[in-house]
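**Student:** got a predicted structure here, sequence first:
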Amino acid sequence: MSSTAPSTRLDRNELPFPPDSLTLGQLGDVLRQANRYPSDVWHARAVELIAAANDCRSAEVLLGAGSSQILDLIWRATVAPGAVVAYMSPGFEMYPIYTRRQHGVPIEVPLTAELGTDLDRLAEIGETERPALIAVINPHSPSGVRARAADIADFAARVPREVVVVLDEAYREFDEDADPRSSAELAVSLPNVVVTRTFSKAYGLAGLRIGYAIANPQLIARISEFSMPFTVSDLACAAAVEALRQPARHAARMAEIRAERARLTAELRACGFDAVDSATNFVLVPGHPGFAEHLRALGIAVSTSAIGTRLTVGDHHDRATVVAAARKYGSRLGSTTLPA
Ligand SMILES: Cc1ncc(COP(=O)(O)O)c(C=O)c1O
């Protein structure tokens, strides 16, 4: 980590768009009530809109302070000491933390050769090891590679019903090929599948902490038992409601991020990096452990894992900064096609 604050933040997969004046105007009234505890009214409105967008019932939706809080509740509700938890590695860095905290036994499955989720291996573990929980990130982080909806459905059908399956869809909205309803359908029709989503990434509300789960009412009730009162503020619920009421703005933003993603991928490849095709708002540069340090020394915050450097897709200024730094790194090595 660099000792000074980075000037370009490309490590947390946030959206580069701050709230616009319309959003700020809508939220002013809610902020004026901030001396009060959260009301049921905003909570219920957010739940209703999420349920309508996913063709499910309000009883099948659970709100949380970001999807990481919901994931935390899922681990608390399902993983007893000594229970097995299976997930891909590298993946979301909180999974090993939640598992250790619960005194669970992790099975960390390596990514496929294409850096995707090994659904066959996870299903096999489900059948043979009977884990308490299997967690799948789709599209995967940190690779950005998606699993097809049909393959997810086949996988879920193979997993025994006593094994809870969480489909962590933090980056779902960036995937132009994703059908937002198909995984929700799976979640409400199977007793052991829960989908988690967030307003932190594609809806640009990371600072307000709001995410949600979709599952059948029994599983929602089992997870909610571990919840605390008032974890999601009225401000967060109202911002989520406002975001869901602006589908055209959301679609335009997703199109802009996808176009930036395509440009960033192409420019990194032109610098000699083997950038991975991504279905998310980040791009993985495999290998080159020195690359992340080089970027950090230039004030660009990035995330690293065993498979490479992950760069958030930001705006065109961010891209110009990172591509200039990537060119410098390539020229220092004296080659346009970089050795891995
Ligand atoms: C794969 C994955 N899941 C879940 C989250 C949690 O996001 P939040 O708690 O902001 O909803 C993140 C955040 O980076 C993530 O990368």
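**Tutor:** Cool, the structure landed. Numbers count the residues shown, from 1 in each chain.
**Student:** and the pLDDT at the residue nearest to the spatial centre of the chain?
**Tutor:** Geometric centre of the chain, nearest residue: Ala170, 2.4 Å, by CA atoms, centre = their mean. Listed pLDDT for Ala170 reads 98.
**Student:** mind listing what the residue in the stretch 1-150 of the chain that the ligand sits nearest to touches?
**Tutor:** Relative to the ligand, the nearest point of the stretch 1-150 of the chain is Gly66 (2.7 Å; CB to the nearest ligand atom). For the C-beta atoms, the positions are set from N, CA and C on the backbone; glycine is no exception. With contact taken as CB atoms under 8 Å, 6 or more residues apart in numbering, Gly66 is in contact with 198, 200, 206, 209-211.
**Student:** what sits up against the biggest helix by length in the chain?
**Tutor:** Criterion DSSP state H: the longest helix present in the chain is helix 247-270. By CB under 8 Å, 6+ apart, the list of residues contacting helix 247-270 from outside reads 15, 17, 173-174, 176, 202-204, 243, 275, 277-278, 281, 283, 285, 311, 313-316, 319, 322-323, 326.
**Student:** tell me the confidence at Ala279?
**Tutor:** Model confidence at Ala279, expressed as pLDDT, equals 98.
**Student:** that one in helix, strand or coil?
**Tutor:** Going by DSSP: H, G, I helix; E, B strand; the rest coil, the secondary structure assigned to Ala279 is coil.
**Student:** that one touches Glu169, doesn't it?
**Tutor:** No: using CB atoms under 8 Å, Ala279 is not in contact with Glu169, being 11.1 Å away.
**Student:** ok, the residue nearest to the centre of the chain to Arg296 distance?
**Tutor:** Computed as CB to CB, to the nearest Å, the Ala170 to Arg296 distance reads 24 Å.
**Student:** Val241 now?
**Tutor:** When distance is defined by CB to CB, Val241 is 38 Å away from Arg296.
**Student:** repeat for Asp118
**Tutor:** 31 Å.
**Student:** again, but for Val188
**Tutor:** Using CB to CB, Val188 is found at 43 Å from Arg296.
**Student:** that older thread, give me the distance from the longest helix of the chain to the chain's centre.
**Tutor:** Distance of helix 247-270 from its chain centroid, counting by CA atoms, centre = their mean, to the nearest Å, is 17 Å.
**Student:** tell me the buried residues in it?
**Tutor:** For helix 247-270, burial by neighbour count (16 or more other CB atoms under 10 Å) applies to 250, 253-254, 256-258, 260-261, 264-265, 267-268.
**Student:** got the phi and psi for Pro139?
**Tutor:** phi -60, psi 150 (degrees, to the nearest 10).
**Student:** list the contacts for it?
**Tutor:** Under the criterion of CB under 8 Å, 6+ apart, the contact partners of Pro139 comprise 145-147, 171-172, 174-175, 178, 278-280.
**Student:** closest to the ligand out of those?
**Tutor:** Nearest to the ligand among the contacts of Pro139: Tyr171, at 6.9 Å, using CB to the nearest ligand atom.
**Student:** the closest residue to the closest one other than its chain neighbours: neighbouring residues, count only.
**Tutor:** Of all residues not flanking Tyr171 in the chain, Thr280 sits nearest, at 3.9 Å (CB to CB, 6 or more residues apart in numbering). Other residues lying near Thr280 total 30 when counted by other CB atoms under 10 Å.
**Student:** for Leu10, see how far away Thr280 is.
**Tutor:** Distance, Thr280 to Leu10, by CB to CB: 13 Å.
**Student:** same check on Glu225?
**Tutor:** According to CB to CB, Glu225 and Leu10 sit 38 Å apart.
**Student:** so which of those two has more stuff around it?
**Tutor:** Per other CB under 10 Å, whichever of Glu225 and Leu10 has more neighbours is Leu10, with 26 against 9.
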